[in-house]
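**Q** no sequence on hand, only this structure:
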Ligand SMILES: Nc1nc2c(ncn2[C@@H]2O[C@H](COP(=O)(O)OP(=O)(O)OP(=O)(O)O)[C@@H](O)[C@H]2O)c(=O)[nH]1
Ligand SMILES: [Mg+2]
């Protein structure tokens, strides 16, 4: 299909309008087009070689660069959502009953959660009636504003307190959600700020898990505390806390074995690890970070709820937003659990972790190539 043909319909009109507008946006527009032409079935890029990971520098906090990177990461989510909207509004200048009823289907499929979908639909319908929304472009703008507003309630970056005692972060989640990688990414940031960081291999279940953490520790230059294979994770954690206090570590990141939230004995083990952390430092863990794979879609909400019922979760990291079209699930999770979202993971490299920013996220998830509407 030619580009021109692809650009007919609702998205086409928006692109055309944007192109006629601010020329300074041209670079972004080009990038956006490249993303939209990307083959969705293409597997994510190969993991960087070890050497490259060591060399990759931590991203600076440049706003425009961060937004563009996040937009690249969220391409599949954005593309999927906008494509569905395009299907509804193509050729329509006004919003009719039929378009609104199809909007309901699209919202329900967008993983933003049933409650959010209905709230959005109700608001859009109401505003259409009041003639505040008379054109499809305004629907996107309205949805984006609402997504931003609901996410703002959970925007709360992790503030590590460097005080007289180590700041302890316990990291939990299902198998393969990205716990160990996220730990490494967090550790790298703090190490770059010259902090004394310790990694604790609380995943004694798999020998490879300890090795994986050790490799990251070596790359970043952090101490790794580990025990014998199959040792009780609580005993390792106890020893690690002792060392952390004695050697004045500032940040301690505790890795745990992945577990299904439905496996009760494993969830009990997690509670024991948590209690043990508090034995030497009563206020620990200062953060219980739940790592969630965004590609789980609606199941991610269930996981988060069950983990939170077992152990009070104080923060969430949403990973793998780069490889999924289900990034909207972050909205459902925030609405349902109201737990701070600390980080988003947008790739496998050391610098592919961002502090969660509601405005940037809404913009990256729902913009065409620049703010649409007014
Ligand atoms: N694309 C992408 N991949 C990620 C991200 N975070 C983690 N991964 C990958 O996901 C896979 C699993 O990550 P791990 O960190 O080992 O996950 P885990 O939760 O520690 O897994 P278990 O220890 O087995 O429970 C690895 O291949 C990571 O590189 C992300 O944000 N984006
Ligand atoms: Mg792991």
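**A** Arrived safely, thanks for sending. Here the structure is a predicted model, which means the values were calculated and not measured. Numbering: from 1, shown residues only. Ligands and ions are numbered 1, 2, ... in the order given.

**Q** separation between residue 80 and residue 297?
**A** Applying Cβ to Cβ, to the nearest Å, the value for residue 80 to residue 297 is 12 Å. Where C-beta positions appear, they are placed from N, C-alpha and C, glycine not excepted.

**Q** before we move on, what about residue 75?
**A** Taken as Cβ to Cβ, the span from residue 75 to residue 297 is 17 Å.

**Q** which of these two has more residues huddled nearby?
**A** A side-by-side neighbour count of residue 75 and residue 297, using other Cβ atoms under 10 Å, places residue 75 first with 22 against 18.

**Q** for ligand 1, see how far away the more buried one is.
**A** 12 Å (Cβ to the nearest ligand atom, to the nearest Å).

**Q** for ligand 2, see how far away that residue is.
**A** Residue 75 sits 27 Å away from ligand 2, going by Cβ to the ion, to the nearest Å.

**Q** check what pLDDT that residue gets.
**A** For residue 75, the pLDDT comes out at 91.

**Q** go on, residue 251?
**A** 96.

**Q** list the contacts for it?
**A** 160, 162, 166-167, 169, 187, 190, 195-198 (Cβ atoms under 8 Å, 6 or more residues apart in numbering).

**Q** can you tell me which of the residues you listed end up in helices?
**A** 187, 190 (DSSP state H).

**Q** who in the stretch 101-250 of the chain is up against ligand 2?
**A** 179-180 (Cβ under 5 Å from the ion).

**Q** and if we set it to 8 Å?
**A** Applying Cβ under 8 Å from the ion, one finds that the stretch 101-250 of the chain approaches ligand 2 through 176, 179-181, 203, 209, 212-213.

**Q** report the secondary structure element holding whatever residue of the chain ends up closest to ligand 2.
**A** Relative to ligand 2, the nearest point of the chain is residue 180 (3.4 Å; Cβ to the ion). Secondary structure from DSSP states H and E places residue 180 in helix 179-192.

**Q** do me a favour and average the pLDDT over that helix.
**A** Rounded mean pLDDT across helix 179-192 is 96.

**Q** and the nearest residue to residue 331 once chain neighbours are set aside, its phi and psi?
**A** Among residues not flanking residue 331 along the chain, residue 112 sits closest, at 4.1 Å (Cβ to Cβ, 6 or more residues apart in numbering). Main-chain torsions, residue 112, degrees, to the nearest 10: phi -80, psi 0.

**Q** circling back to that earlier point, would you agree the residue of the chain closest to ligand 2 is in contact with residue 210?
**A** No - using Cβ atoms under 8 Å, residue 180 is not in contact with residue 210; the gap is 10.1 Å.

**Q** which neighbours do these two share?
**A** Common contacts of residue 180 and residue 210 (Cβ under 8 Å, 6+ apart): residue 203.

**Q** which ones are touching residue 78?
**A** 71, 327, 364-367.

**Q** spit out the contact partners of the closest residue to residue 174 other than its chain neighbours.
**A** Leaving aside its chain neighbours, residue 174 sits nearest to residue 258 (5.5 Å; criterion: Cβ to Cβ, 6+ apart). Applying Cβ under 8 Å, 6+ apart, we find residue 258 in contact with 173-177, 179, 203.

**Q** tell me what the helix or strand harbouring residue 117 is packed against?
**A** Taking DSSP H and E as the definition, residue 117 sits inside helix 114-129. Helix 114-129 makes packing contacts with helix 97-109, helix 136-152, helix 329-337 when contacts are defined by 3 or more Cβ pairs under 8 Å, 6 or more residues apart in numbering; DSSP states H and E.

**Q** next one: it to chain centre, how far?
**A** When distances are taken as Cα atoms, centre = their mean, to the nearest Å, helix 114-129 is centred 25 Å away from the chain's centroid.

**Q** by how many degrees do that helix and helix 97-109 diverge?
**A** 160 degrees (axes from the mean of the first three to the mean of the last three Cα atoms, to 10 degrees).

**Q** and what about whichever residue of the chain sits closest to ligand 1, helix, strand or coil?
**A** Nearest residue of the chain to ligand 1, counting by Cβ to the nearest ligand atom: residue 258, 2.2 Å away. The local conformation at residue 258, judged by DSSP: H, G, I helix; E, B strand; the rest coil, is coil.

**Q** how about it, phi and psi?
**A** Dihedral angles (degrees, to the nearest 10) for residue 258: phi -70, psi 140.
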